[in-house]
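Asks: just a sequence and a predicted model for now, questions to come.
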Amino acid sequence: MYYDLLPKIKNAARARKEFIQTSYSNMDLALAKILVSAGYLRSAHKKEVGKKQFLEVKVSYKGKEPNFTDFKLVSKPGRRIYKGYQELLPIKQGYGISILSTSKGVMTNREARKEKVGGEYLCEIW
């Protein structure tokens, strides 16, 4: 799940790893695709080895530094946080994004405001 994926990406970036492999889920793939489109990751795709499925994520760097500064997990398995679209404010004065799981799929705060849909407030990235 996403609460396992984000710390793995953060640790890989701090260790300057080129890519990581983690367990696969549709939610993780959707979240990774959003991070790719936002420029925080280079690529993310599903790999199959026999019957096992993995998610391979390549971290994007500017020189030696990763393209993101930090992640903040907001909604966790023990405490889910939900927000309506009116409550979605810019992250770090517009330099970051937040990711929500909505009835229309996983999307950023900007997309959710355009679609006028709220949902589970997963994380913030800047």
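Replies: Happy to help now that I have it. Numbers count the residues shown, from 1 in each chain.
Asks: Gly119 pairs with what?
Replies: Lys83, Thr102 (DSSP bridges).
Asks: go on, the one 4 residues further on?
Replies: On the basis of DSSP bridges, Cys123 takes part in beta bridges with Leu73, Ile99.
Asks: swap in Thr22?
Replies: Beta-bridge partners of Thr22, as defined by DSSP bridges: Leu55.
Asks: can you tell me how far it is from Phe68?
Replies: 17 Å (Cβ to Cβ, to the nearest Å). Quick note: C-beta positions are derived from backbone N, CA and C, even for glycine.
Asks: the more surrounded of the two?
Replies: Phe68 (20 against 16; other Cβ atoms under 10 Å).
Asks: wait, a helix at the more buried one?
Replies: No: going by DSSP: H, G, I helix; E, B strand; the rest coil, the assignment for Phe68 is coil, not a helix.
Asks: list the contacts of Glu48.
Replies: Phe54 (Cβ atoms under 8 Å, 6 or more residues apart in numbering).
Asks: now do the same contact list for the most centrally placed residue in the chain.
Replies: The centroid of the chain falls nearest to Leu31 when counting by Cα atoms, centre = their mean (4.2 Å). By Cβ under 8 Å, 6+ apart, the contact list for Leu31 reads Tyr2, Leu5, Ile99, Val106, Leu122.
Asks: surely the fourth one and Met27 touch.
Replies: Yes: counting by Cβ atoms under 8 Å, Val106 sits close enough to Met27 to count as a contact (6.8 Å).
Asks: more neighbours, the two?
Replies: Val106 (23 against 15).
Asks: helix/strand/coil for the more buried one?
Replies: strand.
Asks: against Tyr24, how distant is it?
Replies: 15 Å.
Asks: His45 belongs to a strand?
Replies: Yes: His45: assigned to a strand according to three-state DSSP.
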